[in-house]
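Asks: here is a sequence together with a model predicted from it:
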Amino acid sequence: MSDDERSLAERAIARDSAAFALLYDRYVDKIYRYILYKVGSSTEAEDLTAQVFLKAWENIGSYHWTERPFAAWLYRIAHNLVVDHFRTRHVAAPIDDLSLEDDAALEDIVQQQLTNEMLRKTIARLTDDQQQVIILRFLEGYSTPEVARLIDKDEGAVRALQHRALDALQRMLRKEAKP
Amino acid sequence: MNDLILDQCLEEIRAQRATVADCLAKYPDLADELKPLLTTAAALEAMPEMQPSVTFKQTTRARLLQLRRPPSRAERLRDHLLALTTTRLRFAATWLALVLLLVGLIGGVAYAANDSLPDSPLYPIKRAAEQLELTLAPDPTSQARVRMNLADRRLSEMKALTKSGQSQLMEQVLNDYTRQISTAISILPPPTGSENPVTQEFLGRLTQQQQELRAIPAPSAVQSAVQNALVTSQKGVEKLLTQPNGSPASPPQPPVPNHKPTSPPVPLMSK
């Protein structure tokens, strides 16, 4: 956590709503994207994003900047809200493993057919941990050590998840492209 | 394939220090495995950044700024305890008020019933209170004392009833008087002699009641009940004056405090 972010977090903990608003500005897009790739609907993603920040403000007193980055705390709230969202809607769990016999040309698929919707659907079929790593690492642009801190895992575990997730994704994308 | 090699390639490509082709060339043995993974990652990173609408962002920001300052943990705990205490106090106060009201009502009615006569609607309450008084007496001597008090009340009722001339009620009251003194004497523990203060007390009270009973201008219809009461009272006196060894004891002397007899026991009136 940078000194600037630490200062903002400390001010927010001291009930400074203006400081919290600056943290909101900093993370609202990232949290929105994190949720969007999980729920698929931009309307639902916006609604859940608003809930994340309202909940964070309501419970700001329980956040301790020394334990984990402020972003990690926000992602944790977002993650829990998404889990609740799927639980209340009784949506089936994502599929982990795939068998793929067709060997379509991956470059053609990703260059010509990789739409946002298609990407979201394939990401949604990954396991929960794999989704987190793919979203944070490649869609949010965090480094491996940063992802490890955000999801509270060691770097080795993140690399292993990254490997399995990319492998599952490329298989799914090929299957999606199968005529 | 090593997770670390994949991660290093991804970082090199992101930092634009290498291309996918560079990585594949660097690890030719792993190229077949690396290529789809690096291509997929590149496709993911090339995706346009999704953003929420400007309206949403502004609206949510405004909502956050308008929100009241959230309470701290200490404030929340204090509010919780305050609410809990207030709720409990209100609950307790409500119950206390109800209990006081009930006690006041019962006390008021009991007080009003205290001077009631057998023809009054409050008389059953008076008798119920007397039963409660008897139940609460802790030992036989106390119970006998309560019964003597009840006998006194029956005599007072008797005096009041003579003014209205209600013979039937007078007879009922007299019968109850007789029952009270008979029970009182029977439950009283054996006396240890005429000098015993308890014996003296009960002797004094019976003697006084006999005098009062004789002074009541009872109508002829209830004379039989009056005589019955006097006989029972006299038997009580004689029982009290009987020593534990069966020999008669001397009459009470000196008079008992509070229930000092005004004269020695009066001989039984002949029918």
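Replies: That came through fine. Numbers count the residues shown, from 1 in each chain, chains lettered A, B, ... in the order given.

Asks: give me the element the residue most central in space within chain A is part of.
Replies: The residue lying closest to the centre of chain A (C-alpha atoms, centre = their mean) is A:Tyr34, at 3.4 Å. Using DSSP states H and E, A:Tyr34 sits in helix A:17-39.

Asks: before we move on, what about A:Ile77?
Replies: helix A:70-89.

Asks: next, the angle from that helix to helix A:17-39.
Replies: 50 degrees (axes from the mean of the first three to the mean of the last three C-alpha atoms, to 10 degrees).

Asks: just to revisit the earlier point, was I right about the residue nearest to the centre of chain A contacting A:Leu136?
Replies: Yes. The pair A:Tyr34 / A:Leu136 is scored as a contact, 7.3 Å apart, by C-beta atoms under 8 Å. Backbone N, C-alpha and C define where each C-beta goes, glycine included.

Asks: now for these two: what residues contact both?
Replies: A:Tyr75 (C-beta atoms under 8 Å, 6 or more residues apart in numbering or on different chains).

Asks: quick one: contacts for the residue nearest to the centre of chain A?
Replies: A:75, A:78, A:135-136, A:140.

Asks: what pLDDT is listed against it?
Replies: A:Tyr34 carries a pLDDT value of 92.

Asks: same thing with B:Thr183?
Replies: 92.

Asks: try A:Ala92
Replies: 50.

Asks: quick one, helices of the stretch 1-150 of chain B?
Replies: Using DSSP state H, counting those that start in this stretch, the helices of the stretch 1-150 of chain B run over B:3-14, B:20-26, B:31-45, B:54-66, B:73-113, B:123-136, B:140-164.

Asks: re earlier: by contact count, what packs against the helix holding A:Ile77?
Replies: On a contact count with 3 or more C-beta pairs under 8 Å, 6 or more residues apart in numbering or on different chains; DSSP states H and E, helix A:70-89 meets helix A:3-13, helix A:17-39, helix A:42-58, helix A:144-150.

Asks: any weak-confidence spans in the chain?
Replies: You didn't say which chain, so I picked chain A. Scanning chain A with the threshold set as pLDDT under 70 gives A:1-3, A:66-67, A:90-116, A:177-179.

Asks: if you could check chain B rather than the one you did, that'd help
Replies: B:1, B:68-76, B:191-194, B:243-271.

Asks: still on that earlier bit, what is the orientation angle of the helix holding A:Ile77 with helix A:42-58?
Replies: 130 degrees.

Asks: how far away from the center of its chain is helix A:70-89?
Replies: What separates the centre of helix A:70-89 from the centre of its chain is 9 Å, taken as C-alpha atoms, centre = their mean, to the nearest Å.

Asks: what residues does that helix touch?
Replies: For helix A:70-89, contacts defined as C-beta under 8 Å, 6+ apart pick out A:1, A:5, A:8-9, A:23, A:27, A:30-31, A:34-35, A:38-39, A:44, A:48-49, A:51-53, A:55-56, A:63, A:132, A:136, A:149-152.

Asks: buried subset of these?
Replies: A:1, A:5, A:8-9, A:23, A:27, A:30-31, A:34-35, A:38-39, A:44, A:48-49, A:51-53, A:56, A:63, A:132, A:136, A:149-151 (16 or more other C-beta atoms under 10 Å in any protein chain shown).

Asks: packing partners for the strand or helix carrying B:Thr183?
Replies: If you go by DSSP H and E, B:Thr183 is part of helix B:167-187. Other helices and strands packing on helix B:167-187, by 3+ C-beta pairs under 8 Å, 6+ apart, are helix B:140-164, helix B:197-215, helix B:223-241.

Asks: please redo it, this time with the cut-off set to 10 Å
Replies: Secondary-structure packing of helix B:167-187 (3 or more C-beta pairs under 10 Å, 6 or more residues apart in numbering or on different chains; DSSP states H and E): helix B:123-136, helix B:140-164, helix B:197-215, helix B:223-241.

Asks: ok, and for the third one, which residues are buried?
Replies: In other words, helix B:197-215. Going by 16+ other C-beta under 10 Å, helix B:197-215 has these buried residues: B:198-210, B:213.

Asks: and the angle for it with helix B:167-187?
Replies: 160 degrees.

Asks: again, but for the first one
Replies: Inter-element angle recorded for helix B:123-136 and helix B:167-187: 0 degrees (by the same axes, to 10 degrees).

Asks: for helix B:123-136, packing partners?
Replies: helix B:73-113, helix B:140-164, helix B:167-187.

Asks: ok, now which ones touch whatever residue of the stretch 151-271 of chain B ends up closest to chain A?
Replies: Using C-beta to the nearest C-beta, the closest approach of the stretch 151-271 of chain B to chain A is made by B:Arg153 at 70.6 Å. Applying C-beta atoms under 10 Å, 6 or more residues apart in numbering or on different chains, one finds that B:Arg153 lies in contact with B:114-115, B:126, B:130, B:173, B:176-177, B:180.

Asks: what's the closest non-adjacent residue to B:Asn228?
Replies: The spatially closest residue to B:Asn228, leaving aside those adjacent along the chain, is B:Thr178, at 5.8 Å (C-beta to C-beta, 6 or more residues apart in numbering or on different chains).

Asks: tell me, how many residues neighbour the one you found?
Replies: The local packing of B:Thr178 (other C-beta atoms under 10 Å in any protein chain shown) involves 20 other residues.

Asks: can I assume it is in contact with B:Ser233?
Replies: Yes. B:Thr178 is within contact range of B:Ser233, at 8.1 Å (criterion: C-beta atoms under 10 Å).

Asks: list residues touching both of these two?
Replies: Joint contacts of B:Thr178 and B:Ser233 (C-beta under 10 Å, 6+ apart) are B:Ala151.

Asks: was I right about B:Ser224 contacting B:Ser167?
Replies: No. Using C-beta under 10 Å as the test, B:Ser224 is too far from B:Ser167 to be in contact (11.0 Å).

Asks: the more surrounded of the two?
Replies: Higher neighbour count among B:Ser224 and B:Ser167: B:Ser167, with 16 against 13, using other C-beta under 10 Å.

Asks: so what's the more buried one up against?
Replies: B:Ser167 touches B:161, B:218-222, B:225, counting by C-beta under 10 Å, 6+ apart.

Asks: try it again at 7 Å.
Replies: Counting by C-beta atoms under 7 Å, 6 or more residues apart in numbering or on different chains, B:Ser167 makes contact with B:219, B:221-222.

Asks: generate a PyMOL selection restricted to the buried subset of those.
Replies: The following PyMOL line selects those of the contacts of B:Ser167 that are buried, judged by 16+ other C-beta under 10 Å:
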select buried, chain B and resi 222
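
Asks: name the residues of chain A found near chain B, please.
Replies: Residues of chain A that fall close to chain B, judged by C-beta under 7 Å from any C-beta of the partner chain: A:15, A:17, A:20-21, A:24, A:28-29, A:32-33, A:36, A:46, A:49-50, A:53, A:57-58, A:60-61, A:106-107, A:110, A:114, A:116, A:119, A:134, A:138-139, A:144, A:159-160, A:162-163, A:166-167, A:169-170, A:173.
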